[in-house]
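Colleague: Sharing a model that was predicted from the sequence below.
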Amino acid sequence: MITHKHDIIIVGAGIAGLAAAFEAAQAGHDVAVISKVFPTRSHSIAAQGGTAAALGNMEPDSWEWHFYDTVKGSDFLGDQDAQALFCQEAIDTAYFLEHIGVPFSRTEDGRILQRCFGGHYSKFGQGPPVRRACLAADRIGQVMLHTLFGQCLRYKVNFYNEFIVTHLLIHDEGCCGVMAWELVGGETHIFHARLTLLATGGYARLFKVSTNSAINTGDGMGMVLRAGLPLEDMEFVQFHPTGLYPWGFLISEGVRGEGGYLINADGERFMKRYAPAKMELAPRDVVCRAIQSEIKAGRGIEGKPCVHLDITHLSEKTIKERLPQIREMAIKFAGIDPKKRPIPVAPTAHYSMGGIPVNVDCEVLADGKKTVMPGLFAAGECACVSIHGANRLGTNSTMECAVFGRRAGKHMAKLAKRTSFLPLPERQIKAGCEEIKALLNHPARTSVAEIRESLQESMTRNCGILREKRQLEQQLDFLRTLKRAYQKIGLKGLPSSYNLALQEAIELKHMLNLGEAIVRGALARTESRGAHCRTDFPKRDDKNWLKHTLIFMKEREYRLDYKPVIITKFQPEERRF
Ligand SMILES: Cc1cc2nc3c(=O)[nH]c(=O)nc-3n(C[C@H](O)[C@H](O)[C@H](O)COP(=O)(O)OP(=O)(O)OC[C@H]3O[C@@H](n4cnc5c(N)ncnc54)[C@H](O)[C@@H]3O)c2cc1C
C-alpha cells in the first residue's frame, strides 16, 4: 500500500474538478487531481451546445432574466439564493474563461458568439428567446476542458490518472482523504489530505439509453451514501429530448437553438400543441414529455419510438460552421446528411439534477441541511446546490461546473492554511482493503455485465420518463434481487494489473445503491414536477411537495427526510410555455 500526502485532493478531472484545481493551485497550494481516466476523457469533453451567461452580446439580456428562467425551468424546486448567485457569477466566469484562453466562436466585431437554447427567454419569460449560450461551434466542453487542463499543468497540479477512488476516509472529526485502486499497478493507494473535493460527475449510465460516457456511474455519490451521508433530490433525472435514434447519442439542443423543428409521422410540428409560445425551445422536461406522448399516440416515424428533428431548411453554411459534429454524427452513424433529410431522435437519459447536498461554498452538508462535514467538498454534476431543482436548463451545467468549481477551489485555498491533517482511520482502511481482496479472490458465479444490463434495462422501463406506483414497487423488488446477485460476483484468476472487471464491479455497487435511492425518492414523491412525471399523480402539488428529498443509507436500510426550498424572489406559479 502506497500513501500520498497533499494539501488538497480533488477526485474528478472534468470541468468542475479542473476549475477547482486551477484556483487552489494558483493560490499556491499543493493540489492533486485523481481521475479514473485521462483528464481530457472526462465526460465534460462531450458538452456540445454552449455555456450560459447573460452577456447580452447579441441582444439585450440580464442576469435577472436568466435567474427567472432558471427558477421556472427548475419547476420552482431550485434554491433561489444559489440560483441568483449562479446567474450573477456566470457573467464574470465567462470572461474568466475567455481570459484563460477558451477559444469561443466570435461575432463579426469580435465578441463571444451566443445562441438560443431551450428555456432561456427575455423579459422574465414574457419576451422572445434570447441568445445566452456562449458557444465554440458545437464543442464547448472540449474547449473548456482542454484550456483548464493546460492551466492546471502550468500551475503544477499533480495528476493521478487511471486511479479509481473506492472509499472516502471519514471519521468523527471530518474527512481526511480517500482510498484508491491504481489500475495499471493493480494496488491500493491512500491519499491523505487536509481537504477533499468530489467532482465525480453524474450517473446517467444507470439507464439503458443514455448520452453519457461509460464512466458516468455516480461513484462520488455512491461513496457519500456508503459513508452514511445523505443525497438530495435523486429522483430528478433529466432525459434529453433528442438522442440519435436508436443509440441515444446526444443531438444538442443547439440544433433547435439554430432553428431546428420537431416533426411527427403526420409531418406536423407537434410542439404547437404542447408549448404554443415557445415551441421547440420549451424546457427539456416539457419537450421530452411531448415526444413521448406523440410516440404513445402512434405518431412515431414509421411506427418506431422516435420523431424527426428537421434542419433541412437551414443553410449548408450554418450547419457546417455551427453544428459540424452533429452533422458528422448523423452522417457516420445514421447515414443521414441533415441538410437533405431529417434526423430520427428519441429521449435519452442525460443528466442528474440531484446529488451531494452542499452550500454555496461547496461544503458537504452532513445532515443535508445546515451542518457542514469538515474537510469534504463537492462540485459539478455530482453536487446538488441546488440550482437545477426538478429540471436543468441546457447550458447551465458546464457553467455551474465553472462557477462552483472555482468557488470550491477558492474556498478550499482559504481553509487549507488553517486545517491540519487528521489521523488516518486505520480500521476503515483495513475494511476497504478486505472488500477489494474479497472481490479479487472469490470465484465468479455471476457476471458484472449481466447485472449491469439488467439494472439499466429495468431502470429505463420502470423508473424512466413516465413513472407510476406499481412499476416503481416492482423495481424496488428487482433491485433487491440484483443486490443478492451482486454478492456472487467474483474475479478470481484475473490479473491485478489493468483489471477493468474490478473497476466495473466497484462501479456496479454504487449504481445499485443509487438506483434504490432514485426509486425510493420517486415512489415517495406523489406529484409530477419537472423531470419527475408520475402518471398516477399528474399535477404538481406545492402544498405537500414543495420540498427537497434527502435520502440516507445505513447498513442497507434507507431513510427519507425532507427540507424546505429556499424562495427569495419568485413565488411558484403555473408553468406555461
Ligand atoms: C453528451 C453531453 C453533452 C452535453 N452538453 C452540454 C452543453 O452543451 N452544455 C452544458 O452546460 N452541459 C452539457 N452537458 C452536461 C455537462 O457536460 C456535464 O454535466 C458536466 O460537464 C459535468 O462535469 P463534471 O466536472 O461535474 O464531471 P465530468 O466531466 O463527468 O467528470 C467526472 C470526473 O470524475 C472522475 N471520476 C468519477 N468517478 C471516479 C472515481 N471513482 N475515481 C476517480 N475518478 C473518478 C472521472 O474520471 C472524471 O474525470 C452535456 C452532457 C453530455 C453527456
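Modeller: Sure thing, it's come through.
Colleague: and the top strand by length along the chain, which strands flank it?
Modeller: Ranked by residue count and defined by DSSP state E, the top strand of the chain is strand 187-198. According to DSSP bridges, strand 187-198 forms sheet pairs with strand 2-11 (parallel), strand 174-182 (antiparallel), strand 372-378 (parallel).
Colleague: Any part of the first one near the ligand?
Modeller: What that stands for is strand 2-11. Yes - residues of strand 2-11 are located near the ligand by CB under 6 Å from any ligand atom, namely Val11. (Glycine included, C-beta is placed from N, CA and C.)
Colleague: next helix or strand past that strand?
Modeller: Once strand 2-11 ends, the next helix or strand along the chain (criterion: DSSP states H and E) is helix 15-26.
Colleague: So which elements touch the following helix or strand past that following helix?
Modeller: As assigned by DSSP H and E, the chain's next helix or strand after helix 15-26 is strand 31-35. Packing contacts for strand 31-35, counted by 3 or more CB pairs under 8 Å, 6 or more residues apart in numbering; DSSP states H and E, involve strand 2-11, helix 15-26, strand 158-161, strand 163-171, strand 187-198.
Colleague: Quick one: distance of the third one to the chain centre.
Modeller: Per CA atoms, centre = their mean, to the nearest Å, the displacement of strand 158-161 from the mean C-alpha position of its chain is 23 Å.
Colleague: partners of that strand in the sheet?
Modeller: By DSSP bridges, strand 158-161 pairs with strand 31-35 (parallel).
Colleague: elements contacting the helix or strand following the partner strand?
Modeller: The C-terminal neighbour of strand 31-35 among helices and strands, as given by DSSP H and E, is strand 51-52. In this structure, strand 51-52 packs against helix 80-100, strand 133-134, helix 396-416, with contacts taken as 3+ CB pairs under 8 Å, 6+ apart.
Colleague: in its sheet, what does strand 51-52 sit against?
Modeller: strand 133-134 (antiparallel).
Colleague: Please save the CA atoms from the helix or strand just after the partner strand in PDB.
Modeller: Downstream of strand 133-134, the first helix or strand assigned by DSSP H and E is helix 140-154. Extracted C-alpha coordinates of helix 140-154, given in PDB (Å, rounded to 0.1, in the frame of the first residue of the first chain):
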ATOM      1  CA  ILE A 140     -18.000  23.800 -25.800                       C
ATOM      2  CA  GLY A 141     -16.900  21.100 -23.400                       C
ATOM      3  CA  GLN A 142     -13.800  20.200 -25.400                       C
ATOM      4  CA  VAL A 143     -12.500  23.800 -25.400                       C
ATOM      5  CA  MET A 144     -13.300  24.400 -21.700                       C
ATOM      6  CA  LEU A 145     -11.700  21.200 -20.600                       C
ATOM      7  CA  HIS A 146      -8.600  21.400 -22.700                       C
ATOM      8  CA  THR A 147      -8.000  25.100 -21.600                       C
ATOM      9  CA  LEU A 148      -8.500  24.300 -17.900                       C
ATOM     10  CA  PHE A 149      -6.200  21.200 -18.200                       C
ATOM     11  CA  GLY A 150      -3.500  23.400 -19.800                       C
ATOM     12  CA  GLN A 151      -3.800  25.900 -17.000                       C
ATOM     13  CA  CYS A 152      -3.600  23.200 -14.300                       C
ATOM     14  CA  LEU A 153      -0.300  21.900 -15.900                       C
ATOM     15  CA  ARG A 154       1.000  25.400 -15.900                       C
END
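Colleague: in helix 140-154, what counts as buried?
Modeller: 140-149, 151-152 (16 or more other CB atoms under 10 Å).
Colleague: re the thing from before, next structured bit after the longest strand of the chain?
Modeller: Using DSSP H and E, the helix or strand that follows strand 187-198 in sequence is helix 219-226.
Colleague: That following helix vs strand 187-198, what angle?
Modeller: Counting by axes from the mean of the first three to the mean of the last three CA atoms, to 10 degrees, helix 219-226 lies at 90 degrees to strand 187-198.
Colleague: Check the offset of helix 219-226 from the chain's centre.
Modeller: Chain-centre distance of helix 219-226: 14 Å, with CA atoms, centre = their mean.
Colleague: Quick one: residues in contact with that helix.
Modeller: Helix 219-226 has contacts (CB atoms under 8 Å, 6 or more residues apart in numbering) with 11-12, 36, 164-168, 198-201, 203, 230-231, 234, 352, 355-356, 364, 378, 382, 506-507, 509-511, 513-514, 517, 551-553.
Colleague: Show me which residues of the longest strand of the chain are buried.
Modeller: Those would be 188-198, for strand 187-198 by 16+ other CB under 10 Å.
Colleague: sorry, back to before: to Pro338, which of the helices and strands packed on strand 31-35 lies closest?
Modeller: Of all these, helix 15-26 sits nearest to Pro338, with 27.9 Å by CB to CB.
Colleague: could you check whether that closest one is close to the ligand?
Modeller: Yes - using CB under 6 Å from any ligand atom, we find that helix 15-26 touches the ligand at 15-17.
Colleague: Is the longest strand of the chain positioned near the ligand?
Modeller: No - applying CB under 6 Å from any ligand atom, one finds strand 187-198 separated from the ligand by no less than 8.5 Å.
Colleague: Show me what the longest helix along the chain is packed up against.
Modeller: Longest helix in the chain, counting residues (DSSP state H): helix 500-524. Applying 3+ CB pairs under 8 Å, 6+ apart, one finds that helix 500-524 contacts strand 163-171, strand 174-182, helix 219-226, helix 426-441, helix 448-462, helix 469-486, strand 547-554, strand 557-564.
Colleague: got the strands paired with strand 187-198 as JSON lines, with distance to Gly110 and mean neighbour count columns?
Modeller: Below are the strands paired with strand 187-198 laid out as JSON lines (distance: least, CB to CB, whole Å; neighbours: other CB atoms under 10 Å):
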{"stretch": "strand 2-11", "distance to Gly110": "34", "mean neighbour count": "22"}
{"stretch": "strand 174-182", "distance to Gly110": "44", "mean neighbour count": "24"}
{"stretch": "strand 372-378", "distance to Gly110": "37", "mean neighbour count": "24"}
